[in-house]
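Trainee: next come a sequence and a model predicted from it.
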Amino acid sequence: MPLESVSNLSSTAAMRALEDRSPPEKSLLSLLCFLHHDRIPENLLKLHWEKARLPDTLNGLDFRSCCQKLQDDQLIEFRDENENGRATESLISIEKALQDEIQAIFFGNKDQLSRAFNATTSLLSSAWPKVITAEVHFSSVDEASRWKECQKLIPHIERVVEKYVAADDEIQSLCATSDLASLLIEASWYRMQRGQLASAAGLLEVASLVINRAPDDMLALLSALHNTGSAIALERHRHEDGLNHCREFVKVQERLFAQTGIETTKLAAAYSELGMALVINEQSSDDVLKLFEKSEEIRKRLPGFERVNLFNVLHGKGYFYLLRGDFEKAHDTLFQALQDRKAKFEADDTRGGRAGAALFDLGNITYRSGIQITGEKRLEKLSASIDYYKRAEKVFKVVYGEDDMSIADVNVAIARHILTAGPADIELQEAKDLLEMAIENYTRNTDAEREKARALFYLSRVFKIANQPVHSSNALEEAAALQRTFITDCQVPPEELTIESFDSLIMILKR
């Protein structure tokens, strides 16, 4: 019987095909019915089978034998994933219709169904490379490699979410486990890191539902939920919501510390993240600086401390000094964070976006300090800023790819630099091309309309210098229309708007 014909079986025939299986085969099929039907990594099952905590544990040999029997009976298929002509991993697929039959035939009651569902989430949770719910030093994580592993599991997590959300209240309560909550928070963090903010927010909403339905205290996961929620809100320009999440993050971490007396990376992060949220909300009192200092003190006391672990603290302090208008201190602080990464890894490392972020920020700080002076020093500053931007662009392209919003941000910064320096015709064309690419990128992201408005304003300036008044007016009108969606009481005519009108729309990190 070919695999594709399984979906055409009658219920009676399907029952005969499925019921006469050994207990290990039934256990394996019960897991497969809650995973995405395609591209199931064999190692997800083989290496993490025991974490599923099912009664029929298999060793490696038995697992392969079990899979072979199911393949011989054409209930599943195997295929090899190839890279450069070399098999890299084995993938399993199963008919979607067969998954539904398995659920209908194997799970006679809600307890059986919830056990299989919980086994699946335990399996996925054990395979996920955790950071936001684990005790790790973020600066030591190779994010680029980690993201490759995460992407393999995302389709299966989406299937789990789909099944959980569709379940009734009783099943949701039976399936509200710490494994599921941590898995969803981790997946939300990953989506946020990849710029998929709406999806990240959706996953976090389901994680919150799980925590609320759980019979047990999930204080540590509640902390991770607020940490992730703050990052998503701030990226979506919901600055007050992000600040509120950060305050809750600190409260939960202080409760945990009161219970255990143990300082952790999460406690340290809570203080620095609250400091950063306050800076993004444009608060720069001495109390904000004290939050970064408190975070630094804790980090230095943690086991295995290295200078590179202070990246977030230095990053936050850099923005704090920038908000206060102290460009020299802001530059020196962020430059130190970059040097610490260079000492630990390499110059402009691509293990994640941190080196690129520091370079981009240094470009902004150097640019802003340069435009406030005149003469030779101004030219030196502007030249240094463009070097920072181009180095940041190289890192971002390797880490995130050509279509990431970080590339659009760099394009706008370079175009702004060209306009400031007094462009020649060829440079003006480059500025136009960069801005149009950035606008196209921002248009694909529903959370980037503020950045799009600013890019359109710069584009209107390019057209004006190029003596193209119609194009200039059209770009300016579109920029002004977007600006008015955020500043509804704006009475300034489009032709009187300035770059400050658009800089105020976006967070200090990108100005």
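Mentor: Arrived safely.
Trainee: make it CA atoms for all contacts and neighbour counts henceforth
Mentor: Fine.
Trainee: any regions of the chain where pLDDT drops low?
Mentor: Scanning the chain for pLDDT under 70 picks out 1-17, 52-61, 83-85, 87.
Trainee: all strands of it, in order?
Mentor: 40-41, 77-83, 86-93 (DSSP state E).
Trainee: deepest of these, which one?
Mentor: Most buried of the strands of the chain, by mean neighbour count (mean count of other Cα atoms under 10 Å): strand 40-41, with a mean of 20.
Trainee: turn the strands of the chain into a markdown table, columns for distance to V412.
Mentor: Output for the strands of the chain, formatted as a markdown table (distance: least, Cα to Cα, whole Å):
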| stretch | distance to V412 |
| --- | --- |
| strand 40-41 | 40 |
| strand 77-83 | 36 |
| strand 86-93 | 39 |
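Trainee: what about the closest residue in space to D241 that isn't next to it in sequence, how many residues nearby?
Mentor: Distances taken as Cα to Cα, 6 or more residues apart in numbering place A233 nearest to D241, at 6.1 Å, with adjacent residues excluded. Using other Cα atoms under 10 Å, A233 has 20 neighbouring residues.
Trainee: from E376, how far out is A233?
Mentor: 41 Å (Cα to Cα, to the nearest Å).
Trainee: cool, and E81?
Mentor: For E81, the distance to E376 (Cα to Cα) stands at 57 Å.
Trainee: can you check H315 too?
Mentor: H315 is 29 Å from E376, by Cα to Cα.
Trainee: same check on D503?
Mentor: 27 Å.
Trainee: so which of the two has more stuff around it?
Mentor: When D503 and E376 are compared for neighbours, D503 comes out ahead with 16 against 8, by other Cα under 10 Å.
Trainee: flag every buried residue along stretch 318-338.
Mentor: 318-324, 327, 329-331, 333-338 (16 or more other Cα atoms under 10 Å).
Trainee: which of the residues you listed fall in helices?
Mentor: Among the buried residues of stretch 318-338, DSSP state H puts 318-323, 327, 329-331, 333-338 in helices.
Trainee: between those, which is nearest S145?
Mentor: L338 (20.5 Å; Cα to Cα).
Trainee: residues contacting that closest one?
Mentor: Listed by Cα atoms under 8 Å, 6 or more residues apart in numbering, the contact set of L338 reads 348, 355, 358-359.
Trainee: for G352, same thing?
Mentor: By Cα under 8 Å, 6+ apart, the contact list for G352 reads 142-144, 399.
Trainee: now, of the residues you listed, which are buried?
Mentor: Among the contacts of G352, those buried by neighbour count (16+ other Cα under 10 Å) are 143, 399.
Trainee: any chance of the contacts of G352 in JSON lines with distance to L47 as columns?
Mentor: Formatted as JSON lines, those follow (distance: Cα to Cα, whole Å):
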{"residue": "D142", "distance to L47": "22"}
{"residue": "E143", "distance to L47": "22"}
{"residue": "A144", "distance to L47": "22"}
{"residue": "V399", "distance to L47": "28"}
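Trainee: could you find the closest non-adjacent residue to D80?
Mentor: S90 (4.5 Å).
Trainee: so that neighbour sits against N82, correct?
Mentor: No - if you go by Cα atoms under 8 Å, S90 and N82 don't touch, sitting 9.1 Å apart.
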